[in-house]
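Novice: Sequence first, predicted model second:
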Amino acid sequence: MSKTIILLFHPDLSRSRANTALARAAAKLPDVEVVDMQSVYPNGIDLHRDGEGEAARLLAADRMVFQFPLQWYSTPPLLKAWQDAVLTRMFYMHYEAEGRVFEGTELLLAVTLGNSADAYRSGGSNIFELEALLAPLRATANRCGLAWSSPFVLYEAHKLSPEALEAAAAEYVDRLAEWIASTPSRNEEVA
């Protein structure tokens with residue numbers, strides 16, 4: 001069985017219509033697990049206390065999605081803390097047993113933004129293109145041997161009407177289903 005895990009990093013999911021709608025829609029897909037990381041780690045994540053459990057969660061999955069709002073041109077603090085705790089453990093402390101096994105896993109970002117797409121273009125009000133702002137995550141994926149996929153991006157997420165948000169959630173589900181169908185399962189045995 002192929003499993004996709006969506007690690008949802010939002011500081012307060014109860015205040016995000018967009019991330020809530022995307023997560024609820026994605027959770028309806030077969031073999032997709034959505035984990036609200038802020039509810040799991042309301043007081044932060046620790047390498048020694050939480051790293052082993054998170055590594056086990058990742059190693060049980062075939063594909064991984066980071067879903068998050070881009071805030072002040074960066075990821076939410078918990079995503080960075082999660083990277084520091086979990087990836088440090090897997091790729092520096094337990095490489096042979098965890099990091100090496102996790103290499104080759106497919107990674108997709110699902111990013112919500114408050115601004116328009118034009119703001120993230122060359123010459124836009126944010127100066128940098130979205131690709132440049134996501135470069136640290138792409139570099140991390142490269143360092144960890146993860147297969148990078150083109151991100152799913154939802155602009156002006158907080159301004160969407162209920163109908164537009166429903167359409168965006170359906171688009172997200174379609175993208176996930178297509179991505180899952182087209183990417184190899186890391187944990188399937190080769191006959």
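Specialist: Thanks, I have it. Because the structure is predicted, anything quoted here is derived from the model rather than measured. Numbers count the residues shown, from 1 in each chain.

Novice: Contacts for the lengthiest helix in the chain, please.
Specialist: Longest helix in the chain, counting residues (DSSP state H): helix 162-182. Residues outside helix 162-182 that contact it (Cβ atoms under 8 Å, 6 or more residues apart in numbering) are 2, 4, 17-18, 21-22, 24-26, 28-29, 31-32, 63, 65, 106, 108, 110, 149, 152, 154, 157, 160. Backbone N, C-alpha and C define where each C-beta goes, glycine included.

Novice: in that helix, what's buried?
Specialist: Across helix 162-182, burial judged by 16 or more other Cβ atoms under 10 Å covers 165, 168-169, 172-173, 175-176, 179-180.

Novice: from the middle of its chain, how far away would that helix be?
Specialist: 15 Å (Cα atoms, centre = their mean, to the nearest Å).

Novice: And for stretch 146-154?
Specialist: The chain centre lies 9 Å from the centre of stretch 146-154; the measure is Cα atoms, centre = their mean.

Novice: show me the contacts for Tyr120.
Specialist: Neighbouring residues of Tyr120 by Cβ under 8 Å, 6+ apart: 113, 126, 128-130, 133, 155.

Novice: same deal with Arg89?
Specialist: Contacts here follow Cβ under 8 Å, 6+ apart; on that basis Arg89 touches 47, 51-52, 54-55, 98.
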